[in-house]
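**Q** only geometry, no sequence info:
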């Protein structure tokens, strides 16, 4: 085994454990911290794939913005979340079935990996690809609308968190 494969296996195990801890942790702050570790593991996967730009975007956007915004939202709305009711869902079986079907699908993809590997295009590490991505993000006929819509949604979420956390004046 090469060093890259060993690093991949270690990071994969840490990322899977952290991802599982995100959904099983009872404390929201701990879940957010596990989410940051999970997203950092994904950034390491990008580095292993020689996609440095996407690794930096993963760290800056997801860890630096979204996860930290989530932590601030949880801290701001702490008083609102003092619900002592039942935290279980009566439709847990539906989620379990969907998770099982997704797991079976992933296993089938790994079993038939050779068939899927021939369908993937060749990835090249040319210098023109990054500039093409930058132009696609700001081009009016490509991705500028989803890019701006994501920023509007993040601002709306932040305003909603501030509104919910704010003191009610009477």
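**A** On my side now, so go ahead. None of these values were measured; they are calculated from a predicted model. Numbers count the residues shown, from 1 in each chain.

**Q** check whether residue 52 really touches residue 46, as I assumed.
**A** Yes - contact criterion CB atoms under 8 Å: residue 52 and residue 46 qualify, at 7.4 Å. All C-beta spots, glycine's among them, are computed from the backbone N, C-alpha and C.

**Q** what are the ranges of the helices in this protein?
**A** With helices called from DSSP state H, the chain shows them at 3-24, 28-48, 52-57, 68-76, 92-111, 113-117, 128-138, 144-165.

**Q** can you give me how far the second one is from the chain middle?
**A** It stands for helix 28-48. Helix 28-48 has its C-alpha centroid displaced from the chain centroid by 8 Å (CA atoms, centre = their mean, to the nearest Å).

**Q** could the helices of the chain go into CSV alongside mean pLDDT and mean neighbour count?
**A** As requested, those are arranged in CSV below (pLDDT from 0 to 100; neighbours: other CB atoms under 10 Å):
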stretch, mean pLDDT, mean neighbour count
helix 3-24, 92, 13
helix 28-48, 90, 18
helix 52-57, 84, 15
helix 68-76, 78, 16
helix 92-111, 86, 10
helix 113-117, 61, 9
helix 128-138, 73, 11
helix 144-165, 78, 12
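
**Q** gap between the residue sitting nearest the centre point of the chain and residue 136?
**A** When CA atoms, centre = their mean is applied to the chain, the residue found nearest the centroid is residue 39 (5.8 Å). Distance of residue 39 to residue 136, given as CB to CB, to the nearest Å: 23 Å.

**Q** what do you get for residue 129?
**A** Noted for residue 129: a distance of 10 Å to residue 136, by CB to CB.

**Q** what's the answer for residue 55, then?
**A** Counting by CB to CB, the gap from residue 55 to residue 136 is 19 Å.

**Q** what of residue 64?
**A** Taking CB to CB, one finds residue 64 at 22 Å from residue 136.

**Q** same deal with residue 69?
**A** Using CB to CB, we find residue 69 at a distance of 25 Å from residue 136.

**Q** quick one: contacts of stretch 42-59?
**A** 4, 7-8, 11-12, 15, 39-40, 62-63, 125, 130, 133 (CB atoms under 8 Å, 6 or more residues apart in numbering).

**Q** same question, stretch 134-145
**A** By CB under 8 Å, 6+ apart, the residues outside stretch 134-145 that reach it are residue 147.

**Q** distance from the chain centre to it, please.
**A** Chain-centre distance of stretch 134-145: 22 Å, with CA atoms, centre = their mean.
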